[in-house]
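> Got a sequence here, can you build the structure:
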Amino acid sequence: MCQIAQLSYCLQLPKATKDKHLILLIRMGKYHRSIHTIDDIIRYTFAVIDIINSQPAIQLYGLIILLDFTNIRLQHVSQFTPDRVRRYIDCWDKIYPVHLRQIHFYNYPTIFDPILHLFRSLYRRKFNDRIYFHRRTLNDSMKKSLHLFIDPSLLPNEYGGQLGSVETEINKSFIQWTQERNDYMIQLEQYGVDLKQVSQLLKNVKKERDI
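Numbering: from 1, shown residues only. So this is what the prediction gives:
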């Protein structure tokens, strides 16, 4: 997990919105497929979210997720099988205790359209009006599109914002913050996942919702 942290793959941005929503940036194309699997990356991401979810601000006001597809390659896309996408969405939608205010898909290529369509079809319909797409362009229109929802003063300069660079001070500060909770990260790294138990748990949750 420490290696993945150095990649500035997943981090909380330092400032909240005027409505006190915190912002989680996930840079989907920042890891090397030959070194880390998508399951390694997802496990790290959920560990980070577990930590930031302990903050009262997220519990009270919610979270905005910015999914950045810059530098994503075919080897990344090939890992998003329908079954894997379905399982992750089920975890978010039915189990994970995070109040999502918005999800932004930023700078994504057209090759990702089928996966995004699957994502949207699987998520709760009432949440669809909180999902926003900023397709890859040759100019700054996707940055301007993002700024309609997130003020530039809250964004790193890679996104046309007024903060510093993600690669330097922002990620360095976030790593230091997570290192203060390093014992918890180490504990999570020791856990495995039994997919059969996960599937059964999701079925049980669905049954309870239908009652």
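> Check the protein for its longest strand and report it.
Taking DSSP state E as the criterion, the chain has its longest strand at strand 100-108.
> average pLDDT for that strand?
On average, the pLDDT along strand 100-108 is 88.
> what do you get for stretch 114-134?
Per-residue scores along stretch 114-134 average to 72.
> who are the neighbours in contact with I65?
I23, L24, I26, L100, Q102, I103, H104 (CB atoms under 8 Å, 6 or more residues apart in numbering). Glycine gets a C-beta too; all of them are placed from N, C-alpha and C.
> hang on, the earlier thing: what are the contacting residues of the longest strand of the chain?
19, 21, 61-70, 72, 92, 116, 127, 130-136, 142, 146, 149-150, 159.
> And the buried ones among those residues, selectable in PyMOL?
Buried members of the contacts of strand 100-108, defined by 16 or more other CB atoms under 10 Å, are picked up in PyMOL with:
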select buried, resi 21+61+62+63+64+65+66+67+68+69+72+92+116+131+132+134+135+142+146+150+159
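> Sort out for me which of the contacts of strand 100-108 are in strands.
Of these, the ones assigned to strands by DSSP E are L63, I64, I65, L66, L67, D68, I131, Y132, F133, H134, R135.
> Out of those residues, the closest to N53 would be?
Of all the ones in strands among the contacts of strand 100-108, N53 sits closest to L63, with 7.9 Å by CB to CB.
> still on that earlier bit, quick check: neighbours of the longest strand of the chain in the sheet, parallel or antiparallel?
strand 63-68 (parallel), strand 131-135 (parallel) (DSSP bridges).
> Export the first one to PDB, keeping only CA atoms.
Okay, so that is strand 63-68. Taking Å, rounded to 0.1, in the frame of the first residue of the first chain, the C-alpha atoms of strand 63-68 are listed here in PDB:
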ATOM      1  CA  LEU A  63     -18.200  13.200  -0.300                       C
ATOM      2  CA  ILE A  64     -17.500  14.200  -3.900                       C
ATOM      3  CA  ILE A  65     -15.500  11.700  -5.900                       C
ATOM      4  CA  LEU A  66     -13.400  12.900  -8.900                       C
ATOM      5  CA  LEU A  67     -12.400  10.000 -11.100                       C
ATOM      6  CA  ASP A  68      -9.600  11.100 -13.400                       C
END
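> low-confidence ranges in the protein?
Applying pLDDT under 70 to the chain flags the ranges 1-3, 5-7, 33, 74-80, 85, 89-97, 118-127, 181-211.
> Now the contacts of I65 in CSV, please, with extra columns for neighbour count.
What follows is the contacts of I65, written out as CSV (neighbours: other CB atoms under 10 Å):
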residue, neighbour count
I23, 21
L24, 22
I26, 18
L100, 18
Q102, 19
I103, 20
H104, 20
